[in-house]
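Engineer: Can you look at this prediction? I've put the sequence above it.
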Amino acid sequence: MRRAAHSLALGFGLLASFAQAEPTPTPNANVTRWATGTIAYRVKSTGAVNGYETWRLSVHPDGSRTMAATVQYSPRDIQRHVIHRIDAQLRPLDTYALYWIDGQWRGTALVTRGNGELNVSANTPEGPLSQNLKAPEHITIVPHVLAVDSWRALMVDKTKPGPQAIASYGFDATAQGVTSLLGKAMNYRLTYNGPEQVTVPAGTFASDHFRIEDTVDIYVTSQDAIVVKFVYAAIDREHLLIDYTKGP
């Protein structure tokens, strides 16, 4: 028994050491570049952290991008899982979104684009729902994870002054009501305020500063519009990139 217990303890120790070891990156023909990161959701006035968003970006040989992100936000007991794809021309391909709020599954939605329409299929506690609506080729999906929501900035023409209307399709952030996993089409006004160097816990980044609806300031970096800093002063929120890794 003593020998068996010793062997079991040794086995658990080896498993723990493997679990803690950093994975070795290997070449992958499906990915031309990648990045991972974590965003801390903070109270601006106090710095208190009340949630985190973790994300992983993959860019593929055809120029398309895939972003997978998870948000856990304590004040409302929110958890969102999102996988979102766009093509090389920034057009949405498909979006998967799953919402848990206040300890309850609120629904799962799949959005696809084709034939000039957005096609939405949702599975909800009240049963399946669907929606089809006319949509321009260039429309952004807003599932309320910052890593995906920030891709609105990719559609702004930075050579033009003033606010620009960006066509969007967004879900209800709080998933209230029977049809909350069926989103709404709307335009967001984004203004490019110019380049700005921003320092956050993950480092110092050459960023582009955008203002959304004259309410939210967002700072993004790289050709993939990675969120560095998000400020919503009216509700005392400031979300910062605290961890960032990228690779070829």
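Structural biologist: Looks like it came in fine.

Engineer: any idea how far the nearest residue to residue 124 once chain neighbours are set aside is from residue 227?
Structural biologist: Spatial nearest neighbour of residue 124, excluding adjacent residues (Cβ to Cβ, 6 or more residues apart in numbering): residue 107 at 4.0 Å. Using the backbone N, CA and C atoms, a C-beta is placed for each residue, glycine as well. Going from residue 107 to residue 227 by Cβ to Cβ, to the nearest Å gives 25 Å.

Engineer: Helices of the chain, start to end?
Structural biologist: Taking DSSP state H as the criterion, the chain carries its helices at 2-20, 146-149.

Engineer: which other residues reach the last one?
Structural biologist: The contact list for helix 146-149 (Cβ atoms under 8 Å, 6 or more residues apart in numbering) reads 37, 39, 53, 55, 57, 67, 69, 82, 84, 95, 141-143, 226-227, 230, 239.

Engineer: Return the alpha-carbon coordinates of that helix using PDB.
Structural biologist: This file holds the C-alpha atoms of helix 146-149, laid out as PDB (Å, rounded to 0.1, in the frame of the first residue of the first chain):
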ATOM      1  CA  LEU A 146     -14.200  43.300 -26.800                       C
ATOM      2  CA  ALA A 147     -11.900  41.200 -29.000                       C
ATOM      3  CA  VAL A 148     -14.600  40.800 -31.600                       C
ATOM      4  CA  ASP A 149     -16.400  44.200 -31.000                       C
END
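
Engineer: Flag every buried residue along that helix.
Structural biologist: Residues 146, 147, 148, 149 are the ones in helix 146-149 that count as buried (16 or more other Cβ atoms under 10 Å).

Engineer: try stretch 59-77
Structural biologist: Using 16+ other Cβ under 10 Å as the test for burial, stretch 59-77 gives 59, 60, 64, 65, 66, 67, 68, 69, 70, 71, 73.

Engineer: circling back: contacts only, for the residue nearest to residue 124.
Structural biologist: Applying Cβ under 8 Å, 6+ apart to residue 107 gives the contacts 98, 99, 122, 123, 124, 125, 175, 180, 181.

Engineer: Go again with 10 Å.
Structural biologist: Neighbour list for residue 107: 97-101, 122-126, 129, 171-172, 175, 178-182 [criterion: Cβ atoms under 10 Å, 6 or more residues apart in numbering].

Engineer: was I right about residue 173 contacting residue 76?
Structural biologist: Yes - Residue 173 is within contact range of residue 76, at 9.3 Å (criterion: Cβ atoms under 10 Å).

Engineer: list residues touching both of the two?
Structural biologist: Joint contacts of residue 173 and residue 76 (Cβ under 10 Å, 6+ apart) are residue 101.

Engineer: quick revisit: widest-spaced pair of the buried residues of stretch 59-77?
Structural biologist: 60 and 73 (29.8 Å; Cβ to Cβ).

Engineer: what's the burial count for the residue nearest to residue 130 when sequence neighbours are not counted?
Structural biologist: Nearest residue to residue 130 in three dimensions, chain neighbours excluded: residue 121, at 5.3 Å (Cβ to Cβ, 6+ apart). Residues within reach of residue 121, counting by other Cβ atoms under 10 Å, total 16.

Engineer: ditto for residue 100
Structural biologist: Neighbour count of residue 100, defined by other Cβ under 10 Å: 16.
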